[in-house]
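Asks: have a look; sequence and predicted model below, questions after that.
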Amino acid sequence: MSNIKPADRLSAVQEYYFSRKLKEVAALNAQGKDIISLAIGSPDMPPSRQTVDALCRTAEMPSAHGYQPTMGIQELREAMANFYRRWYGVDLDPKCEIQPLIGSKEGILHTTLAFCNAGDEVLVPNPGYPTYTSLSKILGTKVVNYNLREDNGWQPDFDELEAMDLSRVRLMWTNYPNMPTGGNARMETYERLVDFARRHGIVVVNDNPYSFILNEGQKLSILQVPGAKDCCIEFNSMSKSHNMPGWRVGMCASNAEFISWILKIKSNIDSGTFRGIQLAAAEALNTNDDAWHHENNVVTYRRRRVIAEQIMDTLGCSYDPSQVGMFLWGKIPGKYSDVEQLTERVLHEARVFITPGFIFGTNGSRYLRISLCAKDEKMAEALNRIRQLQW
C-alpha cells in the first residue's frame, strides 16, 4: 500500500491542537496523574430541565426518528427568529433568513464553500478561532490575517485593513465577544464593519456565541446595524449560552439569498438534525428566561472567574478585568521565552492543562487562556496545585 498517498490538502493543516493534546492528557491520566483541564470551552452544566424533557418526550414518539428537513423544522426556525427578536431586537424571517446548523464549525465549512472559489482570499483575525484558518486552507482559499491587538481592545485596525490589497477577498471572519481575548462587542466596530463590507464587496461573517457569558449589558449583534443583512452573516450557537455543546445546535442568519446559497451546500453534505434535538433546542430558546441566563451565564462564571484571576496572579500574568466570555486571557511574564515554557510546566508539574495562546495565531504567542468550564472545586484544586510551585 506504499503507493497510496493522502490528498495534498492534508499537508496544509495539522491535527486540531485539542484533539492532539487531549490524547497526551489521557495518557498522563492513565499513569495516575489526575490532570485538571482548564483548557476547553465546553460548559460543564446541563441544559434547562425543560430542554431535556422536550428531548425525552420526542424520543418516545415512534414517528420522530426519520430524516428531517435540511433547512430545519419550522418550530426551530421560528424559535431562532424569536430569540433574535427578543434578545437582540433583530427581525428575521424564519422561512428564509435563518438556517439551523450542526454547530458553527459546520457553518464555517458551508459558508466558505458557498462564497469562495479556490484561490480566493479570506480575512482571518490574529488571534482568532483556529478553524477559520484550517478550514480555509483545506478548501483551497488563501488566508490573509488581520491584526487584533491588546492596545486596541482587540478590535480590528481599520486603517490597516484599508491599506491592504482587498481585490481577491471574499469573506472576513469576525468574532465578538471575542474568543480567545474576551474583547467585548462594540456597536462602533459593527457599524464600521458593515461600511467596510459594503464599500469593498466583502461578506463579513460575525461569529457570536459568547454574548450571554459574563455579559450583563445589552446583547449586541452585527445585524442590529441598518443594512447589515445585505452584506453580513451572523452565526450563533446554543453550545455556550444554553449549555448544549454536545447537542450540536447552531444557527446562521442573513438575507434570504445568502441563506439559500448556504443551504444548497449544506443539503449536499448532510441531513437535518434529529427531530428531538430540534424541538428541545426550540424549547430552550423559547423558555430560558432572564433568571436562567443570569444564574447560568453570569453568576456561575463570575464565581469561577475569581479563581481564574487568582491563577493568573499566581503565574505572574497580566489581564484585562473587563473581558467577557467563558475564558480568561492573560499575558505571560517577560522571563519566559515562549508561552509553552509556562503552560508545559503547569501541565507536567502542577498537573493542570491550560491553553497556550500561540494556537490562535502569532499575536497570541505571549498569552495563555484559562477556561471557566470546570466545577468550582476543580478550579480551586488547580489553584492550590499551582500555588505550591515556585513561579
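Replies: Arrived safely.

Asks: residues contacting the residue nearest the centre of the chain?
Replies: Centroid-nearest residue in the chain, with C-alpha atoms, centre = their mean: residue 209, separated by 5.9 Å. Counting by C-beta atoms under 8 Å, 6 or more residues apart in numbering, residue 209 makes contact with 104, 235-237, 239-241, 250. To be clear about C-beta, it is placed using only N, CA and C from the backbone, and glycine gets the same treatment.

Asks: which ones among those residues are found in strands?
Replies: 235-237, 250 (DSSP state E).

Asks: so which of those residues is the most crowded?
Replies: residue 236 (28 neighbours; other C-beta atoms under 10 Å).

Asks: that one contacts residue 249, doesn't it?
Replies: No - using C-beta atoms under 8 Å, residue 236 is not in contact with residue 249; the gap is 9.9 Å.

Asks: please parse this structure into its domains.
Replies: The chain breaks down by automatic domain parsing into domains covering 8-46+291-387, 65-287.

Asks: so which of those comes closest to residue 54?
Replies: domain 65-287 (4.0 Å; C-beta to C-beta).

Asks: so where's the stretch 1-150 of the chain shaky on pLDDT?
Replies: 1 (pLDDT under 70).

Asks: backbone dihedrals for the nearest residue to residue 13 once chain neighbours are set aside, please?
Replies: Excluding the flanking residues, the one nearest residue 13 by C-beta to C-beta, 6 or more residues apart in numbering is residue 134, at 4.8 Å. When quoted as degrees, to the nearest 10, the phi and psi of residue 134 stand at phi -70, psi -40.

Asks: convert the C-alpha atoms of stretch 218-236 to PDB, please.
Replies: C-alpha atoms of stretch 218-236 as PDB (Å, rounded to 0.1, in the frame of the first residue of the first chain):
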ATOM      1  CA  GLN A 218     -27.000  44.900  26.000                       C
ATOM      2  CA  LYS A 219     -26.600  41.900  23.800                       C
ATOM      3  CA  LEU A 220     -25.100  43.100  20.600                       C
ATOM      4  CA  SER A 221     -25.400  41.600  17.100                       C
ATOM      5  CA  ILE A 222     -23.900  42.900  13.900                       C
ATOM      6  CA  LEU A 223     -27.400  42.500  12.300                       C
ATOM      7  CA  GLN A 224     -28.600  45.400  14.500                       C
ATOM      8  CA  VAL A 225     -26.700  47.800  12.100                       C
ATOM      9  CA  PRO A 226     -29.100  49.100   9.400                       C
ATOM     10  CA  GLY A 227     -28.300  47.400   6.100                       C
ATOM     11  CA  ALA A 228     -26.100  44.700   7.700                       C
ATOM     12  CA  LYS A 229     -28.300  41.900   6.400                       C
ATOM     13  CA  ASP A 230     -27.300  42.800   2.900                       C
ATOM     14  CA  CYS A 231     -23.600  42.100   3.300                       C
ATOM     15  CA  CYS A 232     -23.200  40.200   6.600                       C
ATOM     16  CA  ILE A 233     -23.900  36.800   8.000                       C
ATOM     17  CA  GLU A 234     -24.100  36.000  11.700                       C
ATOM     18  CA  PHE A 235     -23.500  32.700  13.400                       C
ATOM     19  CA  ASN A 236     -24.800  31.900  16.800                       C
END
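
Asks: mind checking the pLDDT average for that stretch?
Replies: Mean pLDDT, computed over stretch 218-236, is 97.

Asks: now do stretch 185-202
Replies: Stretch 185-202 comes out at a mean pLDDT of 98.

Asks: ok now that stretch, how far from the chain's centre?
Replies: In terms of C-alpha atoms, centre = their mean, to the nearest Å, the centre of stretch 185-202 is found 20 Å from the chain centre.
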